[in-house]
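**Q** Have a look at this fold, sequence not included:
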Ligand SMILES: *Cc1c(COP(=O)(O)O)cnc(C)c1O
């Protein structure tokens, strides 16, 4: 059985050794590690034979016929070089900021819970649910303050369905709807963390004040 891994989020965060980790195929995407958009790579172990994606030309060993995006490929190569030069140093810095942000969020906002594992996760990322509010309105308020965040999972944003991943973890639908994903990267600073910790509790509390469910819960009706 072949093993393919979607390592799009792993590059620059998790050390990868395709031989030691028995990886037959691995995909990555440059813009997730500060490279150019529109370029990525598929690693295929020698001996693994796969169907061609686009037929007709001989480019990319016939796997994906068409003229290569040279500038993109060079940019992808340079970006991965930079992103993997000091994974541990990157992780230590980003994880410390993430942990402070998460701790602050859980301390300052009642009825909040962390989704997923507290430590076995990407260093810069967490996902929290706030009871009695709806994630999409939270995003609008945060966006208005210049804070970029996401609700649901990356690839289903744009739909108002709660994340199927959160539902599969057993989180009830109504709580999944109040979920927020925050991700820190190399450009973030401690000041950004302070800013989110100042703004987010206000946004949640403003939305809860408008929520009939919250009023009911406060009166002990839920
Ligand atoms: C972003 C992402 C993708 C999609 O890659 P794009 O190049 O942005 O289309 C796939 N898998 C994971 C885990 C991702 O984070």
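**A** That came through, no problem. Note that the structure is predicted; figures quoted are calculated from it, not measured.
**Q** shouldn't residue 196 be in contact with residue 147?
**A** Yes - using C-beta atoms under 8 Å, residue 196 makes contact with residue 147 at a distance of 5.9 Å. (Glycine included, C-beta is placed from N, CA and C.)
**Q** okay, those two: which has more neighbours?
**A** Between residue 196 and residue 147, residue 196 has the larger neighbour count (other C-beta atoms under 10 Å), namely 21 against 16.
**Q** Give me the secondary structure label for that one.
**A** Three-state assignment for residue 196 (DSSP: H, G, I helix; E, B strand; the rest coil): helix.
**Q** Now do the contacts for it.
**A** Residue 196 is in contact with 101, 105, 147, 182, counting by C-beta atoms under 8 Å, 6 or more residues apart in numbering.
**Q** what comes up buried for the one helix or strand the first one maps to?
**A** Under the criterion of DSSP states H and E, residue 101 resides in helix 87-108. Burial within helix 87-108, assessed by neighbour count using 16 or more other C-beta atoms under 10 Å, is assigned to 87, 90, 91, 93, 94, 95, 97, 98, 101, 102, 104, 105.
**Q** how close does the nearest residue to residue 162 once chain neighbours are set aside get to residue 114?
**A** Excluding the flanking residues, the one nearest residue 162 by C-beta to C-beta, 6 or more residues apart in numbering is residue 176, at 3.5 Å. Note on residue 176: its distance to residue 114, by C-beta to C-beta, to the nearest Å, is 14 Å.
**Q** More neighbours: which of those two?
**A** residue 176 (21 against 14).
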